[in-house]
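Colleague: The amino acid sequence is not available; the structure is as follows:
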Ligand SMILES: Cc1cc2nc3c(=O)[nH]c(=O)nc-3n(C[C@H](O)[C@H](O)[C@H](O)COP(=O)(O)O)c2cc1C
């Protein structure tokens, strides 16, 4: 029988509390967050168990993965399951995508049953299947037709409506400033921006000069996003930015403590033992959220492998973990691996490209 601890030890909790105290609460529009560092939406990753863990580890708020308005309106069971928010979550938004305002408005009404604090619209997804239908970053192409689209969705819900965009469609079509103006006119609460164009997909670097200039002149709160992968980078940005908040996506996968470590870099070290504790917590959340063991295994295994990034012998560990057939087996190997790390510290090569496709 696998013995899994569901509470953090006093030692780990003390480290977490020490760093959490360094965070300043913020308000974006009418919503309050304990930290300006938020977890960005990620498809197939930002479900309730992962969001709960990230909140435990200092994320000021979270957003679901992108969810199809049509899937919701058809009553597709798998899509509706994606809307679930755990009552223990503090600040969570549901992100919807779709090209038709009426369908989006209906889906947003349904999403209200799941009690999100805000509804976010995905206007940054670069994936062909989404943009050819007019959703995701295709919505950036024509700021004029955006106004009635946003209006229709906004009037369907009694909670804040927010958008997550890119800088524009391509280098010739950079127009986030225009999009922000329309958003402001239509009563959108804030704009999160990933500092790349749709054409760039995930190549090159996020353009922080552009993000900062946008934030400086924006009538709405701007959340900056893109390439904040290292806690020192986040710390520096947080202390100099004109943005009201920052969103972190991929950085949280290789360093789940990034929301904490970015508040006071290099003051506290997290060891393999600490990683094993947070994996046990993730196990608890995952098994509570998903009934099907295969789903539990798929969800937890990939996260454990990302969390191991930069520790010794990760490729061997990854190989073993992906051969495990049950969640118990995965947890046993993880326990051996992470507890066997002793005081080894992570060494991640941040110049190597990491996960170069996504939905925003
Ligand atoms: C695997 C993956 C899935 C993503 N899914 C979404 C999504 O569902 N909705 C969205 O708005 N952005 C999505 N994104 C984009 C991220 O939210 C973020 O904008 C982008 O990764 C840049 O931030 P980062 O450098 O911190 O990763 C995804 C990114 C990745 C890597």
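Modeller: Structure's in. What do you need? All values reported here derive from a predicted model rather than from experimental measurement.

Colleague: Contacts only, for the closest residue to residue 340 other than its chain neighbours.
Modeller: Leaving aside its sequence neighbours, residue 340 sits nearest to residue 272 (Cβ to Cβ, 6 or more residues apart in numbering; 7.1 Å). Glycine gets a C-beta too; all of them are placed from N, C-alpha and C. Contacts here follow Cβ atoms under 8 Å, 6 or more residues apart in numbering; on that basis residue 272 touches 311, 337-342, 344.

Colleague: before we move on, what SS does residue 277 have?
Modeller: Following DSSP: H, G, I helix; E, B strand; the rest coil, we place residue 277 in the helix state.

Colleague: ok, how many other residues are close to the closest residue in space to residue 121 that isn't next to it in sequence?
Modeller: Once flanking residues are discounted, residue 121 sits nearest to residue 163: 4.8 Å by Cβ to Cβ, 6+ apart. Per other Cβ atoms under 10 Å, the neighbour tally for residue 163 reads 28.

Colleague: residues from the protein in reach of the ligand?
Modeller: 40-43, 65-66, 95, 122, 124, 164, 194, 225-228, 248-251, 355, 358-360 (Cβ under 6 Å from any ligand atom).

Colleague: Looks like the residue nearest to residue 121 contacts residue 119 (just checking).
Modeller: No. Counting by Cβ atoms under 8 Å, residue 163 stays clear of residue 119, with 9.9 Å between them.

Colleague: So which residue is dead centre in the chain?
Modeller: The centroid of the chain falls nearest to residue 40 when counting by Cα atoms, centre = their mean (2.5 Å).

Colleague: Next up, phi/psi of that residue, please.
Modeller: Here is the backbone geometry of residue 40 (degrees, to the nearest 10): phi -80, psi 150.

Colleague: Now do residue 70 against the ligand, distance only.
Modeller: 16 Å (Cβ to the nearest ligand atom, to the nearest Å).

Colleague: wait, residue 240
Modeller: 17 Å.

Colleague: begin at 72 from here
Modeller: Noted, 72 is the first residue going forward, which turns the last one into residue 311.

Colleague: count of neighbours near residue 77?
Modeller: For residue 77, the count of nearby residues is 10 (other Cβ under 10 Å).

Colleague: give the contact list for residue 201.
Modeller: Residue 201 sits next to 168, 207, 209, 430 when contact means Cβ under 8 Å, 6+ apart.

Colleague: for residue 238, that is, sorry about that
Modeller: When contacts are counted by Cβ under 8 Å, 6+ apart, residue 238 touches 245, 247, 264-268, 278, 281.

Colleague: Mind picking the one among those that's closest to the ligand?
Modeller: residue 265 (3.7 Å; Cβ to the nearest ligand atom).

Colleague: Isn't the closest one up against residue 296?
Modeller: Yes. Using Cβ under 8 Å, residue 265 is in contact with residue 296, at 4.7 Å.

Colleague: quick one, strands of the stretch 122-271 of the chain?
Modeller: Assigned by DSSP state E, counting those that start in this stretch, the stretch 122-271 of the chain shows strands spanning 133-139, 163-168, 189-194, 232-239, 262-268.

Colleague: got a list of what residue 118 touches?
Modeller: 135-136, 153, 360, 370 are the contacts of residue 118 under Cβ under 8 Å, 6+ apart.

Colleague: Tell me the one of these nearest the ligand?
Modeller: So of the contacts of residue 118, ranked by how close each gets to the ligand (Cβ to the nearest ligand atom), first place is residue 136, at 4.3 Å.

Colleague: from what I can see that closest one touches residue 117, true?
Modeller: Yes. Counting by Cβ under 8 Å, residue 117 is a contact partner of residue 136 at 4.8 Å.

Colleague: Which of these two has more residues huddled nearby?
Modeller: More crowded of residue 136 and residue 117, by other Cβ under 10 Å: residue 117, with 23 against 20.

Colleague: give the contact list for that one.
Modeller: By Cβ under 8 Å, 6+ apart, the residues touching residue 117 are 110-111, 133-136.

Colleague: same thing but 6 Å
Modeller: The contact partners of residue 117, taken as Cβ atoms under 6 Å, 6 or more residues apart in numbering, are 135-136.

Colleague: can you pull the pLDDT of residue 72?
Modeller: Looking at residue 72, its pLDDT reads 50.

Colleague: again with the one 10 residues further on
Modeller: Residue-level confidence at residue 82 comes out at 96, pLDDT.

Colleague: Tell me how far it lies from residue 204.
Modeller: Distance, residue 82 to residue 204, using Cβ to Cβ, to the nearest Å: 51 Å.

Colleague: Likewise for residue 236?
Modeller: Where residue 204 is concerned, residue 236 sits at a distance of 18 Å (Cβ to Cβ).

Colleague: Ok, residue 91 next?
Modeller: Separation of residue 91 from residue 204 (Cβ to Cβ): 42 Å.

Colleague: likewise residue 340?
Modeller: Per Cβ to Cβ, residue 340 is found 47 Å from residue 204.

Colleague: for residue 214, same thing?
Modeller: 19 Å.

Colleague: Same check on residue 355?
Modeller: 38 Å.

Colleague: can you count the residues close to residue 95?
Modeller: Residue 95 has 11 neighbours, counted by other Cβ under 10 Å.

Colleague: How about the secondary structure of it?
Modeller: Residue 95 ends up coil, using three-state DSSP.

Colleague: what about the closest residue to it other than its chain neighbours, how many residues close to it?
Modeller: Spatially, and ignoring its direct neighbours in sequence, residue 95 is nearest to residue 107 (7.0 Å; Cβ to Cβ, 6+ apart). Residues near residue 107, counting by other Cβ under 10 Å, number 21.
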